[in-house]
Structures are given as C-alpha cells and as structure tokens.
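Participant: Output the structure for:
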Amino acid sequence: MADPASHSPAAPPRRKTGRHRGEGQWAVGHFTPLNANEQFKKDDDGLNVRTRIETIYSKAGFDSIDPSDLRGRMRWWGLYTQRKPGIDGGKTAILAPEELDDEYFMLRVRVDGGRLTTGQLRVIGEVSQEFARGTADLTDRQNIQYHWIRIEDVPEIWRRLEAVGLSTTEACGDTPRVILGSPVAGIAEDEIIDGTPAIEEIHRRFIGNPEFSNLPRKFKSAVSGSPLLDVVHEINDVAFVGVHHPEHGPGFDLWVGGGLSTNPRIGVRLGAWVPLEDVADVYGGVIGIFRDYGYRRLRNRARLKFLLADWGAQRFRQVLEDEYLGRRLADGPAPEQPVERWRDHVGVHRQKDGRFYVGFAPRVGRVDGAGLTKIAALAEEHGSGRLRTTAEQKMIVLDVPPEQVESLVAGLEALDLRVTPSPFRRGTMACTGIEFCKLAIVETKARGASLIDELERRLPDFDEPLTINVNGCPNACARIQVADIGLKGQLVVDDEGNQVEGFQVHLGGALGLQAGFGRKVRGLKVTSAELPDYVERVLRRFQRERADGERFAQWASRASEEDLS
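Facilitator: Numbering: from 1, shown residues only. The predicted structure follows:
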C-alpha cells in the first residue's frame, strides 16, 4: 500500500488537470506564490512560529510581532488577534487589519473527537480564569475558545494545557484542523462502529506534520459511527460516516467536498466503503489531493469543494485510488436516514455498559472558566472522569452510575446548564460575533441568548425540534444555511431610515434529514430589535398551517413568501 505521506510538496505528481496555470496547483508544477498568504507560507512554515512566540514575542511584547506572523502564521498555533472594542459593524470592511486588531488574542484549544477528561476540563477552566478574563466558549467544531489572551502569557498557557494532553496545534490556519467525532463514541447502545482509533491515528500521523502544514486553505474533517449522523458530515472537507456493509460488516462511507461560507456546498459520496483500519490512509490520500491539486491562486476558491466541483466524484475517487492509495476501495452503501430529529445527545441516555451519559445545553455555547471547573467537579462527584463536547455547542458527562443520575442532573440545572431544555435553548447556536471577531458586523451571543428568553416566554408550549443559527457575518461559522432559521448578520435600515444591526434570513435548511440549504425570502431583512417578533410570527404560522408530522424545514420550503415574511 502506498503511504499517503510519501507525496511530499517537494516532489508532487505531475498531471494535467484541465485548469489553467493561474490556479497555482503544486501537482502541475506551479509553486510560485500567487497571493500574499501563499508567499508567507512559502517563506516560513507556520509551525515554526512557536519558537519566535516563546523566545521573542512573549518577552518583547505585542509590538515586536512580525506582521506575517501576527496575521498569518500564529494561526497555526490557534491564535487570532481579536477585534478592538468599540468598533461598530459598519467599519468591519473599511478599516485596515492593524486598525481592527486589539493587542489581545483569541486562543483555540483543539478537542479532537470532543474528548476531555475531568482533569483536562479543570485545567481549561483554570487557564480561563487566570489568563482569559473567564472566557471559554464551546464552539460548533467541538473546540473551546479563549479571549483576552496576552502574548506574554501564551508559553505558560501552552505548558499547562500540554501537561494534561491538550494542544492548540493547527487549531486554525491553512492546516488539518480539529477532527470532529461522535461525542458518544464507544459508549452508545446504538453505535454502528467506534471511530476513536481512527481519530487517534489521524492525529498521530497528520497533526503537526510539516508534510501537511501548508494546505491551500483550512481542511475540516469528521469521523462518526453514530446512526444519528452527529458530526455534520455533509459540510466537512472529508467525512467518514458509519455504515453496515452487507458483506464486510461495519465500516465507513466516504464523503468529500462539503463546506459553507459564501459558496455553500453539500459534500458528495464517493460510493466507497472504508474499514476502520484504513481510515487514516484514506484521510491522508484526500488531504494529499487537497495539498497537491488544490487551488492556491484565489483565497475564495481555495477550499476542496471547488476542486471537487470541477473534477466530480468519479475522477476524485480515481485519483485517490490510483495516485495516493495505490489500490481500489470497495463500493459501499449510503448511511441510513437518522430516526431522531435531535442529534446533539442532550438529555439522559443509557450507555451500552449500563451506566448513563447526560448531555446539557448552555446558552449559545457560552460558558466560563469558573463554570467549567464546577462541571468537572460535579462530574467527579458523581462517579465520572470523562466529558465530551459536541458539534452543536453542547457538552456531555459520560459514565454516570444509575444511582447518581438524578443528583447530577439537579447539579447541572442549578448551574443553568439544562438537561431538559426548551427547543429554543437546545436549538439555538451563535458564532463569536462583533464582541471579539474582526470579520463580524453584528452582535450574536447576547442576541441569541436574549432571543431564547423571549421565545421561551412567548411560546412556552412550542415543542418541535428547531434550529436557530445566528451568525455575525456571511462566513457561516454558525452554519446559517443549514438551519431551520438561519440569521446572517448585516446592517439594515429600520423604519425610521437609520442603519442598524440586523439579519438576512434563511429558512428551511437541514442536515441529516433531507440535507439542503435554506431559502432566502426576497427582500426580507430583520432588524435585531425586531427579531423576536419576526421569529414568533413565523413559528405561529408554522404551528397553524403545518401538516401532521411536518417538520419546520418542510413547511418553510413550501410556504408562500407572505407566510415567511
């Protein structure tokens, strides 16, 4: 079997692809950088910036940081400059980066597979309280994000995190980012296959490996053997989805080329079945194709989904098999549609060993360091040493003995961490927003939290599964196109002619069940102040007009624009 890592950037395969020379594909010999990002990556590998952070920048301070490191290579270690306070959304696209930059950083802790021990969570909480002003948000990529990080403190933060087996390596940048995994891998009664060994092998072989640290852009991946399809596999660059092969047994269905942002695309099946022991090899082949054949000329066309769109699934699979694996993959079945509408694992669920896992919902992923240390202590007090984060900004306590469940639930609820949340608490996500993000146009976290409160008050009997995703800009970090109600932040004009924060509305998107993108109602834009009224109005119409068993996404796809306005 060919080793995927043997395809080095120094000697890529030379095949014509049909694209013109300007795409900057290494595989056809085009190594000359065609934009500033490609230039700084060629000048020095992003992984090398750690030494400068530890020996120069953390000692000399923020002003000593080279601009190519500050807004480029430091991402390879999970660091982004955060937005300077007081800059409104109208300035986002106008000001130069140095005018938007604060002298503090967001730092992303990668949590592959969402797997945490209580000891690790306690350290995350302690670092938050000591170095990040208490911030520690749960993301929809299973990571945890700090804010207000000083460059002077970064080496000590790394020391503490790495002492308990955590890392910020390639949490950002043009790299293989965190590997999503089922948060109930290895314990769920209905699991098809446990993908944990594959995630561990991918991490060992590819994360922090200089052979794969200069990709055209970010590379997102997922591995799950859950029948709930709980890792948003449709919108990853590569995803391995648990299936039962009629001849070979449990394994994974291979998907490639998904992604959102301003050019959303649902990933496609290659029709290939992958056994557990081959997942890392196939991952290496797919990421190798991206590295070698990916488009490097324009940043907005540098994701794998654009290459897949040009090649098609058949050619992609052929190149994967012929050039990177050196063998054929077995054909296999598609995953079955999930029977559950929720796939976040919130609530109390029996494990296959007779113990229980307990999933709970913070508000829009917002937690804090003190809260995380309390969660770790609660878990340990109730017989658990393991937790998981989810791709829905939730968290799960594993391995709870039956006699401890009721007490644990009471303790979580006392921290306002709902085990039996309303559909609005359970289904609302929000990105970082203008509070810290330099790309954002509007506020998101507080807006999402207040929307939950209003909807719980106005619609106390609403009991349908519903997703409301709030995003501060067009980049879709909160997955607006695939939500029942997706809200894309932008400036709008209110009834008095003032420019104010608001949202473009996407309705009827979905993943898992009939995956697809939501529709935009012509001319519909809602101010932030009007948002609770608008959502209440649409949901009451849905309740009144829906057919028996009809989901919101189904109703929204057939409703008139008048009903959705």
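Participant: List the beta-bridge partners for residue 256.
Facilitator: Beta-bridge pairing for residue 256 (DSSP bridges): residue 238, residue 268.
Participant: hang on, it packs against residue 234?
Facilitator: No. With contact defined as C-beta atoms under 8 Å, residue 256 does not count as touching residue 234 (11.0 Å). Placement of C-beta: from N, CA and C, glycine included.
Participant: Around residue 63, count how many other residues there are.
Facilitator: The tally of other residues near residue 63 (other C-beta atoms under 10 Å) stands at 8.
Participant: if I pick it, what's in contact with it?
Facilitator: Under the criterion of C-beta atoms under 8 Å, 6 or more residues apart in numbering, residue 63 has no contact partners.
Participant: Nearest spatial neighbour of the spatially most central residue of the chain, chain-adjacent residues omitted?
Facilitator: The centroid of the chain falls nearest to residue 141 when counting by C-alpha atoms, centre = their mean (2.8 Å). Leaving aside its chain neighbours, residue 141 sits nearest to residue 178 (5.4 Å; criterion: C-beta to C-beta, 6 or more residues apart in numbering).
Participant: repeat for residue 380
Facilitator: residue 118 (5.1 Å).
Participant: show me what contacts the one you found?
Facilitator: 376, 377, 379, 380, 384, 385, 386, 387.
Participant: Go again with 7 Å.
Facilitator: Applying C-beta atoms under 7 Å, 6 or more residues apart in numbering to residue 118 gives the contacts 376, 379, 380, 384, 385, 387.
Participant: what's the pLDDT at it?
Facilitator: Here, the pLDDT recorded for residue 118 equals 98.
Participant: so what does the helix or strand that contains residue 291 touch, helix or strand wise?
Facilitator: Taking DSSP states H and E as the criterion, residue 291 maps to helix 279-293. Helices and strands touching helix 279-293, by 3 or more C-beta pairs under 7 Å, 6 or more residues apart in numbering; DSSP states H and E, are helix 196-206, strand 219-224, strand 238-245, strand 249-256.
Participant: Of those, flag the one that's most buried.
Facilitator: strand 219-224 (a mean of 28; mean count of other C-beta atoms under 10 Å).
Participant: May I see the buried residues of the helix or strand containing residue 69?
Facilitator: For residue 69, the host element (DSSP H and E) is helix 67-70. Using 16 or more other C-beta atoms under 10 Å as the test for burial, helix 67-70 gives 68, 69, 70.
Participant: how much space between the second one and residue 146?
Facilitator: It refers to residue 69. Taking C-beta to C-beta, to the nearest Å as the measure, residue 69 falls 19 Å from residue 146.
Participant: So what touches the helix holding residue 69?
Facilitator: 40, 49, 52, 81.
Participant: got a list of what the residue nearest to the centre of the chain touches?
Facilitator: Contacts of residue 141 (C-beta under 7 Å, 6+ apart): 178, 180, 391.
Participant: What are the buried residues along whichever strand or helix holds the first one?
Facilitator: Assessed by DSSP H and E, residue 178 sits inside strand 176-181. Taking 16+ other C-beta under 10 Å as the neighbour-count basis, strand 176-181 is seen to contain the buried residues 176, 177, 178, 179, 180, 181.
Participant: again, but for stretch 432-447
Facilitator: For stretch 432-447, by 16+ other C-beta under 10 Å, it's 432-445, 447.
Participant: Please apply the same query to stretch 495-514.
Facilitator: 501-513.
Participant: Ok, stretch 270-284 next?
Facilitator: Here stretch 270-284 shows 270-276, 278-284 as buried, counting by 16+ other C-beta under 10 Å.
Participant: Specify which member of these is nearest to residue 110.
Facilitator: residue 283 (16.0 Å; C-beta to C-beta).
Participant: Hmm, residue 202 and that closest one touching each other?
Facilitator: Yes. With contact defined as C-beta atoms under 7 Å, residue 283 and residue 202 form a contacting pair (5.2 Å).
Participant: shared neighbours, the two?
Facilitator: With the criterion set as C-beta under 7 Å, 6+ apart, the contacts of residue 283 and residue 202 do not overlap.
Participant: so how far is residue 178 from the closest residue to residue 439 other than its chain neighbours?
Facilitator: Closest residue to residue 439 apart from its sequence neighbours, by C-beta to C-beta, 6+ apart: residue 473 at 4.8 Å. In this structure, residue 473 and residue 178 are 21 Å apart, going by C-beta to C-beta.
Participant: same question, residue 247
Facilitator: On the measure of C-beta to C-beta, residue 247 and residue 178 end up 33 Å apart.
Participant: Inside helices: which ones of the contacts of helix 67-70?
Facilitator: The helices, defined by DSSP state H, take in 40, 49, 52 from the contacts of helix 67-70.
Participant: for the residues you listed, which one is nearest residue 558?
Facilitator: residue 40 (49.1 Å).
Participant: didn't that closest one look like it was pressed against residue 72?
Facilitator: Yes. Using C-beta under 7 Å, residue 40 is in contact with residue 72, at 4.7 Å.
Participant: more crowded one of the two?
Facilitator: Ranked by neighbour count (other C-beta under 10 Å), residue 40 and residue 72 place residue 72 first, with 21 against 18.
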